[in-house]
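Trainee: Here is a sequence with its predicted model. Questions after.
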Amino acid sequence: MNRLAQTRYIADEMLDARPCPASARGKLFTLGKLTGAVLIAVWIAFFAAIIWFLIDSYDADYMSRYSVRYLDGFLTTIELVFWSLVIGGILSLPIAFGRMSKNGFLRQLSFGYIYFFRGTPLLAQLFLLYYGFGQFRPFWQDVGLWWLFRDSWSIALLSFTLNTAAYQAEILRGAIMNVPKGQVEGAQSLGLSKLVTFFKVVLPQAMIVALRPYGNEVILMIKGSAVVSIISVYDLMGHTRRAFSQTYDFQAYIYAAIFYLLCVEILRRLWDMLEKRLTRHLKRDNG
Amino acid sequence: MSDYLTLLSFGPAGWGDEIARGVLVTVSLGLATLPIGLILGFLLALGINSKEPTIQTAAKIFTTIFRGLPELLTLFIVYYGGQILINLLLQKLLGSPVEVNSFVAGMIALAFVFSSYASEVFLSAFKGINQGQYEGANALGLSRFKTMRFVVMPQLIKLALPGLSNLWLIMLKETSLVSVIGLADTMRNTGLAARNTKEAFLFFAIACLVYLALTFLSSVGLERIEKRVRRGEARS
């Protein structure tokens, strides 16, 4: 019998029904109920005001002009986040291993890398790469890398890749350290090679631990990507800012907020489902 | 080399004083946001833990919104939206348009974001406090406020401190976004220097170093606080 049925059985069969306790009776208005009602009323008023504002300022011309741009910006954001996460993920492997290496120099180097990228704002990194490195134009032209530093899109991609590589390296390191030593020893005693041990024994277990932090990193990247609009990359935020500066119509920001909120919420839910599915072997079935 | 030193000197020829003033603005924005964010975050955690479903929902809506929005967008919404709203309300009273202070707008936006994340930290810290602690306090006849103040809080702070330290470091870096709406902080002043002197690399590298130094100093300070909070624990 599972627990719920057990509880129901006890409630229905073994206990007599009791009247409502005196302390809970007659209290229609407690301070908590009042506060809750006021807060909910404030939210309802807030959302109603926003909806009213959006309907009131609806303009078919504005819509047809900007909806395509918003969609385009949204795709740019997704593209930027996706590629920087993937490339950053690959880059994070050597950094994480450097951090755990026995070689002191490598350890210091990757520690310095991680410390720099986690200790400075994304905006400062972006400016340093875009304006700072852009200053050495003749040098980049000589090396043949000017195409990379000329374009704000590729700079955005580069700085996001470098940034997320530092964060992902820390996530990966934490997850790998979390795998018990006995797992590696067991694999060794079975005669597995180091590579097989890592990819077949350590990594799958580490990934489950890393699942949640990785999900957070994806969401942080989507939110952080709004910063690229400052160096005039036309992502969702970039198009929003342009629409606002052209029309001074505040609905631009509200639509952007709805877009971002939906995107982040859907992703959060999907990630929760993914995590539940991937960790289902760890759950005990106790109804 | 001496050119660079002149550029960085304190005085009319150098940008040292401007940058130093910017650092001061960055630090004061962070320090001004912290208490608001902490109190609001604690209230949100209490709200989510509340027995009233209406209070729970209201608090959850708040945290969902401000954890889902990009910080930059939150900032713009508070800055421009606040401006529109205040002018709408005050138009009849004052007649002339009011400009929203970018420091205040930054403070509010960052506090909203900080408190949404802080509420999560407080919630998980609340879970770490044993039910017996409340029952014990109840048995001693402590009021709900006193239970919170003298029994729960001292343990809560210890549990929440690592998470809050992390949030402080994140928030300190996010203050750089307020430069976009015109606050003369580290980022903006180094940016001005970069534009005026054409030494972008030098000044943005300095900006990075300033933030690194601030993070480093914060983590040293936070370590001390953590040690002090944990002073009651048995040493191993």
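Mentor: Yep, it's here. Numbers count the residues shown, from 1 in each chain, chains lettered A, B, ... in the order given.

Trainee: Can you pull out the low-pLDDT segments for chain B?
Mentor: Within chain B, the ranges that satisfy pLDDT under 70 run B:1-2, B:94-95, B:234-236.

Trainee: Where does the closest residue to chain A within it sit, in terms of helix or strand?
Mentor: Residue nearest to chain A within chain B (C-beta to the nearest C-beta): B:Thr54, separated by 2.9 Å. C-beta: built from backbone N, CA, C; applies to glycine. Assigned by DSSP states H and E, B:Thr54 falls within helix B:53-68.

Trainee: Flag every buried residue along that helix.
Mentor: Residues of helix B:53-68 classed as buried: B:54-59, B:62-63, B:65-68 (neighbour count, 16 or more other C-beta atoms under 10 Å in any protein chain shown).

Trainee: which of those lies closest to A:Glu265?
Mentor: B:Gly68 (5.9 Å; C-beta to C-beta).

Trainee: count of neighbours near the closest residue to that closest one other than its chain neighbours?
Mentor: In space, and not counting its chain neighbours, B:Gly68 is closest to A:Val264: 4.0 Å by C-beta to C-beta, 6 or more residues apart in numbering or on different chains. Neighbours of A:Val264 under the rule other C-beta atoms under 10 Å in any protein chain shown: 20.

Trainee: what sits against A:Val264?
Mentor: By C-beta atoms under 8 Å, 6 or more residues apart in numbering or on different chains, the contact set of A:Val264 is A:219, A:222-223, B:67-69.

Trainee: now B:Leu142
Mentor: B:150-151.

Trainee: B:Pro97: neighbour count?
Mentor: B:Pro97 has 10 neighbours, counted by other C-beta under 10 Å.

Trainee: On the three-state scheme, it is what?
Mentor: coil (DSSP: H, G, I helix; E, B strand; the rest coil).

Trainee: Return the distance of the residue sitting nearest the centre point of chain A relative to A:Thr197.
Mentor: The centre of chain A sits closest to A:Ile219, judged by C-alpha atoms, centre = their mean, with a distance of 1.5 Å. In this structure, A:Ile219 and A:Thr197 are 32 Å apart, going by C-beta to C-beta, to the nearest Å.

Trainee: rewinding a little: I'd like to know which elements the helix holding B:Thr54 is packed against.
Mentor: Judged by 3 or more C-beta pairs under 8 Å, 6 or more residues apart in numbering or on different chains; DSSP states H and E, the packing partners of helix B:53-68 are helix A:31-56, helix A:251-278, helix B:16-48, helix B:102-127.

Trainee: quick one, which of these is nearest to A:Val81?
Mentor: Within the helices and strands packed on helix B:53-68, the stretch nearest A:Val81 is helix A:251-278; the backing value is 9.8 Å (C-beta to C-beta).

Trainee: List the buried residues of that closest one.
Mentor: Quick answer for helix A:251-278 (16+ other C-beta under 10 Å): A:251-257, A:259-261, A:263-264, A:268, A:271.

Trainee: show me what contacts the residue lying closest to the residue of chain B closest to chain A once chain neighbours are set aside?
Mentor: Nearest in space to B:Thr54, with sequence neighbours left out and distances taken as C-beta to C-beta, 6+ apart, is A:Gly36 at 2.9 Å. Neighbouring residues of A:Gly36 by C-beta under 8 Å, 6+ apart: B:50, B:52-55, B:57-58.

Trainee: hmm, 6 Å instead?
Mentor: With contact taken as C-beta atoms under 6 Å, 6 or more residues apart in numbering or on different chains, A:Gly36 is in contact with B:52, B:54-55.

Trainee: Look at residue 133 and say how many residues are nearby.
Mentor: Here I'm looking at chain A. Neighbour tally, A:Phe133, other C-beta under 10 Å: 20.

Trainee: Actually, chain B is the one I wanted.
Mentor: Using other C-beta under 10 Å, B:Gln133 is surrounded by 13 other residues.

Trainee: So what does the closest residue to it other than its chain neighbours have for phi and psi?
Mentor: Here the nearest residue to B:Gln133 in space, its sequence neighbours aside, is B:Val151; by C-beta to C-beta, 6+ apart that works out to 5.6 Å. Dihedral angles of B:Val151 (phi, psi; degrees, to the nearest 10) stand at phi -110, psi -50.

Trainee: Hmm, B:Ala137 and B:Val151 touching each other?
Mentor: Yes. Counting by C-beta atoms under 6 Å, B:Val151 does reach B:Ala137; the two are 4.5 Å apart.

Trainee: Let me see the ranges of the helices in the stretch 151-287 of chain A.
Mentor: Taking DSSP state H, counting those that start in this stretch as the test, the helices found in the stretch 151-287 of chain A are A:152-178, A:181-189, A:194-196, A:203-224, A:236-247, A:251-278.

Trainee: And the residue nearest to B:Thr54, how far from A:Lys194?
Mentor: Distance of A:Gly36 to A:Lys194, computed by C-beta to C-beta: 58 Å.

Trainee: Check B:Val25 too.
Mentor: Taking C-beta to C-beta as the measure, B:Val25 falls 52 Å from A:Lys194.

Trainee: More neighbours: those two, which one.
Mentor: B:Val25 (21 against 11).

Trainee: Around chain B, which positions in chain A sit nearby?
Mentor: A:32-33, A:36-37, A:39-40, A:43, A:119-121, A:123-124, A:127-128, A:131-132, A:135, A:223, A:226-227, A:250, A:253, A:256-257, A:260-261, A:264-265 (C-beta under 6 Å from any C-beta of the partner chain).

Trainee: filter these to the buried ones?
Mentor: A:33, A:36, A:39-40, A:43, A:119-121, A:123-124, A:127-128, A:131-132, A:135, A:223, A:226-227, A:250, A:253, A:256-257, A:260-261, A:264.

Trainee: With distance to A:His281 added, can I get the contacts of A:Val264 in CSV?
Mentor: Shown next, in CSV, are these (distance: C-beta to C-beta, whole Å):
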residue, distance to A:His281
A:Ile219, 26
A:Ile222, 30
A:Lys223, 32
B:Arg67, 30
B:Gly68, 31
B:Leu69, 36
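
Trainee: any idea which of the residues you listed is the one closest to B:Leu123?
Mentor: For the contacts of A:Val264, the closest approach to B:Leu123 (C-beta to C-beta) belongs to B:Arg67, at 12.7 Å.

Trainee: Might one say that the closest one is in contact with B:Ser116?
Mentor: Yes. If you go by C-beta under 6 Å, B:Arg67 and B:Ser116 touch, sitting 4.8 Å apart.

Trainee: Show the backbone phi and psi for the residue nearest to B:Tyr80 when sequence neighbours are not counted.
Mentor: The shortest distance from B:Tyr80 to any non-neighbouring residue, by C-beta to C-beta, 6+ apart, is to A:Phe250 (6.3 Å). Dihedral pair for A:Phe250: phi -70, psi -20, per degrees, to the nearest 10.
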